[in-house]
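Q: here are the coordinates; sequence isn't available:
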Ligand code: ADP
C-alpha cells in the first residue's frame, strides 16, 4: 500500500460520502441524545447529555461564524477535559474550522511560538487557567469558559456566545481530507512541530479505537479520559466515546490521584485511560480506592512497567492494557492484547509488557539501517508537519514516519519498544535499553519511580545512571538495588551509579523528563562519582 491513492480503473459503485467529524456529532445527537456527559468544575459535577452537548455545539458553530471564523481558520483551546472542551471538539471541525488544542503546560516561549505559527484567531480558555495563559499577539478574540471563578478582562463569556447561537445551525460539508484539528508535539527536541489531523484520519482513528481489541468503547461503557484533551486529542477518546454513545466523565481541573479515584467510584467508571505515572499514583493510594466498577484501563505514552500491571491485577483485579502511539499517529498506533495462542497466568506478563500489534490500517517496519528504528505509515499517520521544513527529516524518502523509537518485532508481529533512539545508553559499544533497566528497577517493591539516563564514562564511553524514587519508609541503598538486579538484567547493565531522588522530573504530559535529568548531569548536580 502506498500513501497516495492510485488511479482507478474500474470504479466501485458505493457512495463517496466523505468521512467527517460532523458524523460523530450527529450520531451522538441522533442515537444517544439522553446519554450522560459529566464534567467536573470547581463547583462539583455539571451533568448534561450528548443531546445538549451537540445542540450547544451547533449554537457554538453558528456563533463562531458570526465572529467571522471561516473554514480553515484556526480556533484554539486552552483547557482541561471538560464538557465545553467536548463541545469545541465537535463544533469547530463541524463548521469547517480547525481545532487547535494548546498544551497548557508548554513553556510560555513555546506557546507563543505555537499560537503565532498556527495563526490562531480565537482562543477558548478555562477560567481556572485564566491567570496562567499569556496574552497572545494576533489573536482576535478570547472566550472564557466558566469552570471556576477566574476572570479575564476583555474575554467574551462562553455561555453568552452559546446563547447567541442558532441551535438549528446545519454543520457544513468539507472535503474529508480537509484539516479538522491540529496539535503540536511537546518539542522534546527543537521547536514544537504542528501535526494536522484531517477529518478522514480522525474518523478512521475513531473507528479503529473502538475495535474490540483496542480500547473498544461501547454504549454501556462509562469512559474517563484522564489523558488531557490538550495533548494528542486525549488519545481520540472523546470522539470514540461520542461515536459509541458511552457515558463520558471529564475530570476538569481535578487531576489529583485521590479526586480521580473518587470520581471513578462515584460515577462507576468502566474504562479509563492515562499515562503510567497517574496509574502509579492512584495504585499507591491508602486506603485502597474503590475501582470495582473498572473493567479495563488503557495505559501508554511511555512504557508501562510490568510491576504496574501486577499491582492492578493483585490489588484491584483490573487489567492494565498497554498502548503505544505518538502525536503524529493520531495517536493510537498499537495495542497489546495477549494473542489466543499466547501464555496465560504469570507468563502472560512478558507479553502484556510489549507494545503489541499495530492497529488496523497502520503498516510498520523496523529499519536496521536506522539503528532498529520503528517506522509506520497509514491513513492515521502524519506525512508532514505544518509549515516546517526542518521536520522533513522525520519522514523517509519512501513515505514512512520515523518514530524515533527503537523496536524489535517478536513472533506474532508483536512490537517490543526497546527505547527511544536518543535514550539508549551506549556502554562499551553495546546498547543498554534505559526502558528495560527502569522496568527491572521498578520491579523492586520499595521503588516508586526510576529513570535511567546515560552519563559519560571514560572507560565505557557511557554508563547508565539510575535515578530512583523510593517509598517513604524505604532504606534501600545502592548495593541492595544492585543485588536485586543481578538475576534480572545482564551483568554489565547493572548501574554502578544510583541516585536516590525525591521525584523524577516530568514533561508537560506527565512523562519522565530525561532532558532535565541529563541537564542536571551536565551541571554536575547528578551522577557525580
Ligand atoms: P512527546 O512525548 O515527544 O511529546 P508524544 O506524546 O507524541 O510526544 O509521545 C510519543 C512517544 O511516547 C513515542 O514515540 C514513544 O517514545 C513514547 N511512548 C508512547 N507510548 C509508549 C509505550 N506504550 N511504551 C513506550 N513508549 C511509549
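A: Perfect, thanks for sending it. Bear in mind that the values here come from a model prediction, so they are computed numbers and not experimental data.

Q: so is residue 483 in a helix, a strand, or just coil?
A: For residue 483, the assignment made with DSSP: H, G, I helix; E, B strand; the rest coil gives helix.

Q: quick one: the helices in the stretch 101-250 of the chain?
A: Counting by DSSP state H, counting those that start in this stretch, residue ranges of the helices within the stretch 101-250 of the chain are 108-118, 158-164, 199-209, 237-244.

Q: what's the closest of those helices to residue 508?
A: Taking Cβ to Cβ, helix 108-118 is the member of these nearest to residue 508, at 9.2 Å. Where you see a C-beta, it was placed from the backbone N, CA and C, and this is true even at glycine.

Q: out of the helices of the stretch 101-250 of the chain, which comes closest to the ligand?
A: With Cβ to the nearest ligand atom, the closest approach to the ligand among the helices of the stretch 101-250 of the chain belongs to helix 108-118: 11.4 Å.

Q: what does the stretch 251-400 of the chain put close to the ligand?
A: 300, 301, 302, 303, 304, 322, 324, 325, 326, 327, 355 (Cβ under 6 Å from any ligand atom).

Q: Could I get the phi/psi values of the second one?
A: Here is the backbone geometry of residue 301 (degrees, to the nearest 10): phi 100, psi -30.

Q: all strands of the stretch 1-150 of the chain, in order?
A: 36-41, 44-49, 74-78, 98-101, 120-126, 141-145 (DSSP state E, counting those that start in this stretch).

Q: what about the ones you listed, which gets the closest to the ligand?
A: Judged by Cβ to the nearest ligand atom, the one of those that comes nearest to the ligand is strand 98-101, at 12.6 Å.

Q: Any idea how far the closest one is from the middle of the chain?
A: Distance, stretch centre to chain centre, for strand 98-101: 16 Å (Cα atoms, centre = their mean, to the nearest Å).

Q: quick one: is it near the ligand?
A: No. Strand 98-101 does not reach the ligand (Cβ under 6 Å from any ligand atom); its nearest approach is 12.6 Å.

Q: elements contacting that strand?
A: Here strand 98-101 touches strand 74-78, helix 83-94, strand 179-184, going by 3 or more Cβ pairs under 8 Å, 6 or more residues apart in numbering; DSSP states H and E.

Q: Tell me which of the strands of the stretch 1-150 of the chain sits nearest to residue 420.
A: When the strands of the stretch 1-150 of the chain are compared (using Cβ to Cβ), the closest one is strand 98-101, at 23.5 Å.

Q: Quick check: can you name the pairing partners of the closest one and their directions?
A: Partner strands and pairing direction for strand 98-101 (DSSP bridges) are strand 74-78 (parallel), strand 179-184 (parallel).

Q: Between helix 83-94 and the last one, find me the angle.
A: Orientation check (axes from the mean of the first three to the mean of the last three Cα atoms, to 10 degrees): strand 179-184 against helix 83-94 gives 130 degrees.

Q: Strand 179-184 - what's its average pLDDT?
A: Averaging pLDDT along strand 179-184 yields 98.

Q: and if you look at the shortest one?
A: Taken as a whole, strand 74-78 has an average pLDDT of 98.

Q: How far off centre is it?
A: Using Cα atoms, centre = their mean, the offset of strand 74-78 from its chain centre is 18 Å.

Q: what's the angle between that strand and helix 108-118?
A: Going by the same axes, to 10 degrees, strand 74-78 makes 160 degrees with helix 108-118.
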